[in-house]
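[1] Please work out how this folds:
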Amino acid sequence: MTQGSRPSFPITLLREQATMIFIIGSGWKLKQEGFAFSIFSLSLGKNQLMQEEGKVLDQRMLVPDLWQQQALRHLRDGRDVVLHAPTGAGKTYVFEMIIDSGWRGRAIYTVPTRALANDKAREWMEKGWDVGVCTGDLRFRPEAKVIVATLETQRAAILKGEGPDLLVIDEYQMLGHLQRGVNYEVVLAMAPAKTQLLLMSGSVANPEKVADWLTGNQRKAELVSEGKRPVPLEEIFAEALPPCSSGSGRSHWTRIVERALRANMGPILIFAPKRLMAEDIARKLAYELPEDEPLSLTPEQKKLAGKHLSGLLKRRIAPHHSGLDYKQRAGLIEPLAKAGQLRTIVSTTGLGAGVNFSMRSVIVTDREYRVGDERFLLGPDELLQMFGRAGRRGLDARGYAIVAPRKPRLSEARPLKLHPSNRVDWSSLLQFMRLAAENEKSPIEAARRLAERLFREESISFGFKAFMQKQRRQPAQKANHSDEERDSSRDEVIEMLNSEERWERRRGPVKVRLADALFRIGDEWRSALSCPQSLEAVKAGSLWRRGKGKRRTYGRELPVARFPQEEGEGKVALLKSFRRRVRDHFKSSNPKLLRRYSKKHWSLEALEKQFGPLFPELSCGGRLKELIERGGMVSARLDYGEAHAYGWTDQRGAALLNPPLRKRRQDWVSPFVKTDKDNQFRDDSLVETWHGLGLVDGEASPTRRGIIFSFFHQGEGLAVAAALEDEAYLIEELAQDLANLRAGHRFAALAGQGSRLGVTCRKIYGDVTCGGYLVRGVPPEYGDGAAEAIREALAHPEDKRNLFDDELRPGDLERALLEWRSLLSLIAHAPALKWNRWEALQEQARALTDGDSHATELPKLPPLAREQRKRHQSRLQRGR
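    Predicted coordinates:
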């Protein structure tokens, strides 16, 4: 549209929304009840058509759909809006129209991940908006009119009653998230009345339940729902695709992708369950698909990508997973995908919610995926989000879900009913209880008031009444029990960590074959003979190794003879040490045979024939693999696959050589005295659990430990409080060890004996597991090794690549560093508390974050070259 022109679509599309229509200057404007906004100038800046998943260069006008207009009207009327619409339908466009229409207030737009926050901020900054970012590790222009943030960064302000004029919760199905859902719940429950809410999702089957919950909290909430996809989605069976010209020697997924590209179904987004699988598929696609016009990268892009990724990108193929660093994902892969330059992207299912681009077709290779040490199945709502990325609005007439035999189907993808979580946000409850106690009010009543506002089908069972009664009669019970003497060791049982990472009672030892046994290294079980430590107890020669990588196995190499320099030509002389070993064996087993084996010189053939069968007895079970000569010495290489050792079998039948052990006290209740089960965490009594962890005292008021805990999310505060209580734990060391709190399992290979932080946690809390807060005495995301890796990377950045392997990637280290800085920032900005240890930790956190000075700019990303902004034709010609 040029200056002074009129819109080229029927004005009747807006008839239901407009009270008065004016022609003003060069455009149309709607004005209703003092709220003016320009519908027709929304997308004219820079001639861009804004889509939810990105930007598409277009000269046309974007007219709001009726459901988008309805949402706008409710927001204009001061109401909250729960917005339900499919992926790609234009939910984000509702928010963009609000801001473009002259919104005078301050808005905070929350997203599930840091990457999405940075992506949205860049997108809106290019539109000329006043935008900032707040993601825990990054505080960029926090005074801006529009802030893009992760939700957890806003919790503290909301709990203090400080909220923006508009709070947007993108992907509000996170309410049902196992770990993060409690934070979403509390923020929505405690948002100030002056803060309008806009909740958006396409993966919730019962959005009316959320709207009813908000209404029940005395908010004016409206549900706006749209079920129609802007781009129809069609399921295509892989077998129905046109055949390949040459299928021999090509991998399964390459054949499917080639057939889809020949059918003009590209570009294609593939979801794989693991990083290694995603990279393997991407590599095979790059080298097995027919040649295409190569993608030319700029020198800056090549430097950022590195040799391996550059090779894939040139072939218009890319992996997309958290092991890649942020700049590679956000500065290369995602912009090229949005610009239509890539034929296929292979993403991990774990990044499904973080994919902010669409392609014509989607393939989901498997439903199972891994998070830490656990494996999960993709939910129907997660499949819906992934398949929902098929079809680009304004570019594709329809999207395609390509399905292979015995793989996820489109029919399995559907919105999921959102149910209240069984977990409770302890931190928020304890904050309210602390404030009540400081104001000489009842902490118990404060907790109950907050609980009434939460997203719950049933009220929270605090157990305050029973707890207070128990505290009053505790002295009498102790007096009654004082005369009972019992050896507590009789009540202990020994448990072992089994092959499924679960504790079970240890049975008696049994003999197990080493080839079948497992050996514990760090935090994982490995085949016993792949670990040199499994043969340390064998006093026979030295270690030898064969094979590489996962096929590597160890044995022992025992020197047995040497070639004489003068006499005995053609024979070897047995070493004194070996002759002694033989003599000692026959003295104890069969002295009559001692004379037969007592001579010193033997031919190699006789040595192997006569002594070969004896080696299992001479070397604790090692069988002769081969005789080798080195430096005039003859040595026997021994294989221990058939050797036996004592171990323990678990409930799954796995043979474990060195399982971690623990002693657990079994409750013993006298048959003559009626007692309560003290020191037990009961599912039906939240306050009992808090008291057992030392978070509240006998009056149900938060202790110092409970106050420290309330400053954090999930179980992190438990670890910090425990470490601060250890006066010998240096603050400088603690600040570094905080990097382990959110590290997960990927740094285990770099861990030593375990950091002091983990040891301190287990010392204070024992082996307790509390859902969402502690797993065997440490926070759920805790993982040793990250602190060591970060120290090494910061001290020797030029050598940090030596830290990486198949499990640990640059993106993991980058994320661990961001999480560590986020924790330090949280501590630096946490409330003050009169305790020298806490004050010292806050001071150290400020020093490590340079006072948390605000970033002056977002991380720089290389721009796309001019030719990269033109869409590439992904279709393969049949004759190629």
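[2] hey, which strand is longest across the protein?
    Of all segments of type strand in the chain, defined using DSSP state E, the longest is strand 553-562.
[3] What is that one packed up against?
    Other elements packing on strand 553-562 under the criterion 3 or more C-beta pairs under 8 Å, 6 or more residues apart in numbering; DSSP states H and E are strand 542-546, strand 572-574, helix 576-589, helix 604-611, strand 623-630, strand 633-639. Yep, even glycine has a C-beta here, placed from its N, CA and C like the rest.
[4] what do you get if the cut-off is 10 Å, keeping everything else the same?
    Counting contacts by 3 or more C-beta pairs under 10 Å, 6 or more residues apart in numbering; DSSP states H and E, strand 553-562 packs against strand 542-546, strand 572-574, helix 576-589, strand 601-602, helix 604-611, helix 615-618, strand 623-630, strand 633-639.
[5] pLDDT of it, averaged?
    For strand 553-562, the mean pLDDT works out to 91.
[6] ditto for stretch 422-437
    87.
[7] Give the buried residues for it.
    Within stretch 422-437, the residues scored as buried using 16 or more other C-beta atoms under 10 Å are 423-437.
[8] quick one: which of those is nearest to residue 820?
    residue 427 (19.8 Å; C-beta to C-beta).
[9] Could you list the low-pLDDT ranges of this structure?
    1-62, 245-249, 350-355, 370-374, 475-491, 565-569, 665-684, 751-754, 851-856, 877-880 (pLDDT under 70).
[10] Angles on the backbone of residue 640, please.
    Backbone geometry at residue 640, expressed as degrees, to the nearest 10, gives phi -110, psi 20.
[11] do you know how far it is from residue 93?
    Between residue 640 and residue 93 the computed distance is 66 Å (C-beta to C-beta, to the nearest Å).
[12] These two: which is more packed in?
    residue 640 (27 against 21; other C-beta atoms under 10 Å).
[13] Contact partners for that one?
    Taking C-beta atoms under 10 Å, 6 or more residues apart in numbering, we find residue 640 in contact with 513-515, 528-529, 534-535, 538, 540, 553-556, 616, 619-623, 625.
[14] If any of the residues you listed are buried, give me the ChimeraX selection for them.
    To isolate the buried members of the contacts of residue 640 in ChimeraX, using 16+ other C-beta under 10 Å:
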select :513,514,528,529,534,535,538,540,553,554,555,556,616,619,620,621,622,623,625
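[15] Can you tell me who residue 555 pairs with across the strands?
    Here residue 555 sits in beta bridges with residue 544, going by DSSP bridges.
[16] Verify the contact between it and residue 545 for me.
    Yes. At 7.9 Å, residue 555 counts as touching residue 545 under the criterion of C-beta atoms under 10 Å.
[17] what do these two both touch?
    residue 532.
[18] I'd say residue 428 and residue 160 touch.
    No. Taking contacts as C-beta under 10 Å, residue 428 lies outside contact range of residue 160: 11.4 Å.
[19] Find residues that contact each of the two.
    residue 190.
[20] right, and residue 581 touches residue 618 too?
    Yes. Residue 581 is within contact range of residue 618, at 5.5 Å (criterion: C-beta under 10 Å).
[21] dump the residue contacts of residue 264.
    The neighbours of residue 264, taking C-beta under 10 Å, 6+ apart as the test, are 242, 360, 361, 400, 873, 874, 875, 876.
[22] Just the buried ones among those residues, please.
    Buried by 16+ other C-beta under 10 Å: 360, 361, 400, 874, 875, 876, out of the contacts of residue 264.
[23] Now for those: which two are most distant?
    400 and 876 (15.4 Å).
[24] name the element residue 648 belongs to?
    strand 644-649 (DSSP states H and E).
[25] CA-only coordinates of that strand, as PDB, when you get a sec.
    The C-alpha trace of strand 644-649 is given here as PDB (Å, rounded to 0.1, in the frame of the first residue of the first chain):
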ATOM      1  CA  HIS A 644      34.300 -65.100  38.000                       C
ATOM      2  CA  ALA A 645      34.100 -62.600  40.800                       C
ATOM      3  CA  TYR A 646      31.800 -62.000  43.700                       C
ATOM      4  CA  GLY A 647      29.100 -59.500  43.100                       C
ATOM      5  CA  TRP A 648      25.400 -58.900  43.800                       C
ATOM      6  CA  THR A 649      22.400 -59.400  41.500                       C
END
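[26] Paired strands for the helix or strand harbouring residue 197, with orientation please.
    Per DSSP H and E: residue 197 is located in strand 196-201. Its sheet considered, strand 196-201 pairs with strand 80-84 (parallel), strand 166-170 (parallel) by DSSP bridges.
[27] Would you reformat these as TSV and include distance to residue 446 and mean neighbour count?
    Formatted as TSV, the strands paired with strand 196-201 follow (distance: least, C-beta to C-beta, whole Å; neighbours: other C-beta atoms under 10 Å):
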stretch	distance to residue 446	mean neighbour count
strand 80-84	25	26
strand 166-170	23	24
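[28] any chance of those strands in CSV, with distance to residue 651 too?
    Formatted as CSV, the strands paired with strand 196-201 follow (distance: least, C-beta to C-beta, whole Å):
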stretch, distance to residue 651
strand 80-84, 45
strand 166-170, 43
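[29] Could you point out which of the ones you listed sits nearest residue 750?
    Nearest of the strands paired with strand 196-201 (C-beta to C-beta): strand 166-170, 35.5 Å.
[30] Now, the contacts of residue 264 that are in strands?
    Reading strands off those with DSSP E, I get 361, 400.
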